[in-house]
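Visitor: just the structure for this:
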Amino acid sequence: MRVVKSLLLGTAAGLIAVGGAQAADLPVKAKAVEYVKICSLYGAGFYYIPGTDTCIKLGGYLRAEVALNAGGNYSASYNNVFAANNRLTNTYSMRAREDLNIDTRTATEYGVVRTYFDAVFTWTTGNYVGTGSGTGSTQYSGTLGLNSAGTGLVGSSGGAVNATDGGISGGSLGVYYAFIQFAGFTMGKAVSQFDAPWINYPGNNFDQLVGGSGSTNGVAQFTYTADFGQGITAAISAQDQTQVYQTAIWNTAGMSTTGVLGGAYGSNDLGGSSSPDIVGMVRVDQAWGLFQASVAAHDNHVGYYGATEATGHPGDKWGWAAQLALSIKNIPTGAGDVINVSGVYTEGASRYNFQELAATSYSMFGSSSSAYQSIGFAGVSDAVFGPGGQLELTKTYGFRGAYTHNWNPNWNTALYGAWAAVNYSGTAKSLICSSASFATLTGTCNPDFNIGQLGVITRWTPVKGLTFSADFVYSHLDQKYSGTITPAALTSVAKPATTYELKDQDTYTLLLRAQRNW
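Guide: Residues are numbered from 1 along each chain as shown. Now for the predicted structure:
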């Protein structure tokens, strides 16, 4: 055994020595090390991708928040069970979100080639909803998040999910922006050229501010922007209307009392899109702030009068919108203080006033001294039509703004507000109010309405990139109906068949948020 062991050890030693000698005889070439280098061409945070002349920047945020008395995050209690003022809804909603954005830029003989991508991973608590079975039963809507367009709430299967869902299936992925910029062109999903630079956040976190456009989640577009120097730019854009720039085209033949009290004056009879929205914009950026004027043309393309194409259809009508926006900086009240304001008018293009996250249907319940309860209802549309008739375009106008004051480098407060009005033509009012849906109405029928919002937000940034905020907003629905109405039971919100007073409604919402930007 000792002889065998000695033989094995000796053989191994010999092999190692031979291998070492052979390795020493081979030429050795050290592998080049590519270090990540800072790219200072486009501002802080950019680095060269090793082995290329392309610069890249990674960014994003992580957010945790809770909204009190809200119709989701971060909305007000304007409709559905959220505004029923009963036991069918949560008194709070919670959300966690991670945002990731990737910005690349390459200098070329034609100018900078830029790509930008921004995606979010979201998890939001669900809510209870009535089953409509007439037995008073409810079901949990599950965990909710944004859909793939980043514009709506969905469950893991694309619709409502049950309470057993969890983990990644209870969350969602949303794509905000994905575009290429080259030689003045922007191609892909980006903020609308119609929008003011602050989109629909002149000083707020509240998502449903009315009074202007706001493509927070981006809109598919093909845009050319000309830079005239001295801070003056202009853009012309063709953008998708179907994603976020349509409200409803109501066919009053489909009206029902249940639908009316939910804020819908008929069946939504949108046809397929035949044209993108055409947008023009001029902006002046200076040290004092900025001024922007925007216009948009919107084609209203309807389906049919009835169930088949043989029933015929109204002709298309083009709507339009115009917006002015102003930002004033360097005001005497303090360093960094700013005033942002905008005003808008639309005709047949209501989404340019009631931006993509704003409510377009209102059905709010409250107390009453003369009936079982009170209700305030209203709805927003691009157009209305009846059997054999043409499109009646809906007119809207509004404004919004905010004043932000910095108390010191760590604290700031913003006062903000918005107001919007919706006016239907005489023909549209006649079509709506002559419906059997209003057969039990005892007072005035008028679908026009106003919505006003007033809020205050305070932010604390104890360290760079970490902000805690509290945002409170009050909303007032000024509806134009009067008297009472006696509908059948509204089982989806557990309301009985009884008499309701038609009355203006108020609501409030509070959002508490912690956000880490990086």
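
Visitor: and residue 303, how many neighbours?
Guide: As a burial measure, residue 303 scores 18 neighbours (other CB atoms under 10 Å). All C-beta atoms are positioned from the backbone trio N, CA, C, and that covers glycine.

Visitor: oh sorry, the question was meant for residue 498
Guide: By other CB under 10 Å, the residues close to residue 498 number 13.

Visitor: show me what contacts it?
Guide: By CB atoms under 8 Å, 6 or more residues apart in numbering, the contact list for residue 498 reads 371-372, 486.

Visitor: show the buried residues in those residues.
Guide: 371-372 (16 or more other CB atoms under 10 Å).

Visitor: now the contacts of residue 498 as CSV including pLDDT, secondary structure and distance to residue 516?
Guide: Below are the contacts of residue 498 laid out as CSV (pLDDT from 0 to 100; DSSP: H, G, I helix; E, B strand; the rest coil; distance: CB to CB, whole Å):
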residue, pLDDT, secondary structure, distance to residue 516
371, 96, coil, 49
372, 97, coil, 48
486, 97, coil, 53
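
Visitor: packing partners for the one helix or strand residue 297 maps to?
Guide: Here residue 297, judged by DSSP states H and E, is contained in strand 289-300. Applying 3 or more CB pairs under 8 Å, 6 or more residues apart in numbering; DSSP states H and E, one finds that strand 289-300 contacts strand 277-286, strand 317-328.

Visitor: so for residue 91, which of those sits nearest?
Guide: strand 317-328 (36.0 Å; CB to CB).

Visitor: what's the first helix or strand after that closest one?
Guide: strand 338-347.

Visitor: which strands and helices lie in contact with that next one?
Guide: Under the contact definition 3+ CB pairs under 8 Å, 6+ apart, strand 338-347 sits against strand 317-328, strand 395-408.

Visitor: quick one: residues contacting the residue most central in space within the chain.
Guide: Nearest to the geometric centre of the chain sits residue 357, at 4.0 Å (CA atoms, centre = their mean). For residue 357, the contact set (CB under 8 Å, 6+ apart) comprises 75, 200, 207-208, 214, 216.

Visitor: out of those residues, who's the most crowded?
Guide: Top of the contacts of residue 357 by neighbour count (other CB under 10 Å): residue 214, with 30 neighbours.

Visitor: before we move on, back to that, want to throw the helices and strands packed on strand 338-347 into JSON lines with mean neighbour count and mean pLDDT?
Guide: Below are the helices and strands packed on strand 338-347 laid out as JSON lines (neighbours: other CB atoms under 10 Å; pLDDT from 0 to 100):
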{"stretch": "strand 317-328", "mean neighbour count": "20", "mean pLDDT": "98"}
{"stretch": "strand 395-408", "mean neighbour count": "20", "mean pLDDT": "98"}
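
Visitor: now the ones you listed in a markdown table, with distance to residue 274?
Guide: Below are the helices and strands packed on strand 338-347 laid out as a markdown table (distance: least, CB to CB, whole Å):
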| stretch | distance to residue 274 |
| --- | --- |
| strand 317-328 | 11 |
| strand 395-408 | 23 |
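
Visitor: which among these is found nearest to residue 173?
Guide: Nearest of the helices and strands packed on strand 338-347 to residue 173, taken as CB to CB: strand 395-408 at 30.1 Å.

Visitor: which strands or helices does the closest one pack on?
Guide: Helices and strands touching strand 395-408, by 3+ CB pairs under 8 Å, 6+ apart, are strand 338-347, strand 411-423.

Visitor: okay, the ones you listed in a markdown table with mean neighbour count, mean pLDDT and distance to residue 183 next?
Guide: Output for the helices and strands packed on strand 395-408, formatted as a markdown table (neighbours: other CB atoms under 10 Å; pLDDT from 0 to 100; distance: least, CB to CB, whole Å):
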| stretch | mean neighbour count | mean pLDDT | distance to residue 183 |
| --- | --- | --- | --- |
| strand 338-347 | 22 | 98 | 30 |
| strand 411-423 | 20 | 98 | 37 |
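
Visitor: low pLDDT regions in the stretch 151-300 of the chain?
Guide: Applying pLDDT under 70 to the stretch 151-300 of the chain picks out residues 151-170.

Visitor: just the strands in it please.
Guide: In the stretch 151-300 of the chain, the strands defined using DSSP state E, counting those that start in this stretch lie at 153-154, 172-182, 185-190, 219-229, 232-239, 249-251, 267-268, 277-286, 289-300.

Visitor: and the ones you listed, which is most packed in?
Guide: Of all the strands of the stretch 151-300 of the chain, strand 249-251 carries the top mean neighbour count, a mean of 27, counting by mean count of other CB atoms under 10 Å.

Visitor: can you give me phi and psi for residue 491?
Guide: Dihedral angles of residue 491 (phi, psi; degrees, to the nearest 10) stand at phi -70, psi -30.

Visitor: what about it, how many neighbours?
Guide: Neighbourhood size, residue 491 [other CB under 10 Å]: 18.

Visitor: picking up where we left off before, save the contacts of residue 357 as JSON lines, and put in distance to residue 237 too.
Guide: Below are the contacts of residue 357 laid out as JSON lines (distance: CB to CB, whole Å):
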{"residue": "75", "distance to residue 237": "28"}
{"residue": "200", "distance to residue 237": "18"}
{"residue": "207", "distance to residue 237": "24"}
{"residue": "208", "distance to residue 237": "25"}
{"residue": "214", "distance to residue 237": "16"}
{"residue": "216", "distance to residue 237": "17"}
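
Visitor: widest-spaced pair of these?
Guide: Farthest-apart pair in these is 75 and 214; separation 13.8 Å (CB to CB).

Visitor: what packs against the helix or strand where residue 456 lies?
Guide: Residue 456 is part of strand 449-463, with elements assigned from DSSP H and E. Packing partners of strand 449-463 (3+ CB pairs under 8 Å, 6+ apart): strand 411-423, strand 466-479.

Visitor: buried ones in it?
Guide: Across strand 449-463, burial judged by 16+ other CB under 10 Å covers 449-453, 455-457, 459, 461.

Visitor: adding distance to residue 506 and pLDDT, write these out as a markdown table.
Guide: A markdown table is the format used below for those (distance: CB to CB, whole Å; pLDDT from 0 to 100):
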| residue | distance to residue 506 | pLDDT |
| --- | --- | --- |
| 449 | 14 | 98 |
| 450 | 13 | 98 |
| 451 | 11 | 98 |
| 452 | 10 | 98 |
| 453 | 11 | 98 |
| 455 | 14 | 98 |
| 456 | 16 | 98 |
| 457 | 19 | 98 |
| 459 | 26 | 98 |
| 461 | 32 | 98 |
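
Visitor: how close does residue 55 get to residue 184?
Guide: As for residue 55, its distance to residue 184 is 20 Å (criterion: CB to CB, to the nearest Å).
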